[in-house]
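Novice: one predicted model, sequence on top.
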Amino acid sequence: MTQKSICLIAVSLALAGGLAGCRVHVDKGANGEDKTVQVDTPFGGVHVNTDQVSAADLGLPLYPGAEQVTNDDKHKSADVHLGFGEWQLRVRAVNYETTDSKEQVAAFYKKALGRYGDVLTCENKTAVGTPAVTQEGLTCADDGNRSTVHVDSQDFGTKDDLQLKAGSKRHQHIVGFEKGKGGKTVFALVALDLPAGSEKSAKTD
């Protein structure tokens, strides 16, 4: 998401309320890229931080020996927070890679995700084994696409069919996988917090 598109979103929301004030603050990275973008309006704002997110920030441990992916624009870490009154959306994502197998990493994070309740194993958004739904109502199909916002964990670099998920429809922790270069395993850790009411509009069960 570029600075221009972020500002346009914020301005359009402000215009809807009758005021088009939009203050933009941008911090550049070492290579001149937008590293931190903050947009504020009288009704709320959009804050985007890139390459400043770690596994610990998402409440998950780092897989032993894994290294953060930093030299690929498609796998940049990000902390995106949109807040307009009571409407709050936050997505945090960070990508790592390891020479260990996908099965080893998955086993590690199945245990780690247990702190957030039941853990789903999903392939093509379908549960494999049990449980098929968490005690808080989360299913493999719940990713925000059918709510009032469109958020897909695959937008954060996880292109394999395998995902691990825990939490509720509104508050999700996701670990997704893809095959990296040189046979490495690339995995993304995602924390997704959707606006209040989104779990009702996304409900299909």
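Specialist: Okay, I see it.

Novice: all helices of the protein, in order?
Specialist: For the chain, the helices defined by DSSP state H cover 3-16, 102-113, 198-201.

Novice: and the average pLDDT for the shortest one is what?
Specialist: Spelled out, that is helix 198-201. Helix 198-201 shows a mean pLDDT of 55.

Novice: do the longest one as well
Specialist: In this model, helix 3-16 has an average pLDDT of 44.

Novice: same question, stretch 180-194
Specialist: pLDDT averaged over stretch 180-194 gives 88.

Novice: return the set of buried residues in it.
Specialist: Residues of stretch 180-194 classed as buried by neighbour count (16 or more other CB atoms under 10 Å): 180, 184-194. (Glycine included, C-beta is placed from N, CA and C.)

Novice: and these, which two are furthest apart?
Specialist: With CB to CB as the measure, no two of those lie farther apart than K184 and L194, at 31.3 Å.

Novice: pass me the low-pLDDT residue ranges in the protein, would you?
Specialist: For the chain, the stretches with pLDDT under 70 are 1-47, 72-74, 143-160, 197-205.

Novice: what segments of it are strands?
Specialist: With DSSP state E applied, the chain shows strands at 23-28, 34-41, 44-50, 67-68, 78-84, 87-98, 119-123, 126-127, 162-167, 171-179, 185-193, listed in chain order.

Novice: from the buried residues of stretch 180-194, pick the one nearest A56.
Specialist: Compare each of these with A56 using CB to CB and the shortest gap goes to L189, at 10.1 Å.

Novice: hang on, the closest one packs against Y96?
Specialist: Yes. Counting by CB atoms under 8 Å, L189 touches Y96, with 7.3 Å between them.

Novice: name the residues contacting each of these two.
Specialist: A55 (CB atoms under 8 Å, 6 or more residues apart in numbering).

Novice: so for L192, what's the nearest residue that isn't a sequence neighbour?
Specialist: Once flanking residues are discounted, L192 sits nearest to Q172: 4.4 Å by CB to CB, 6 or more residues apart in numbering.
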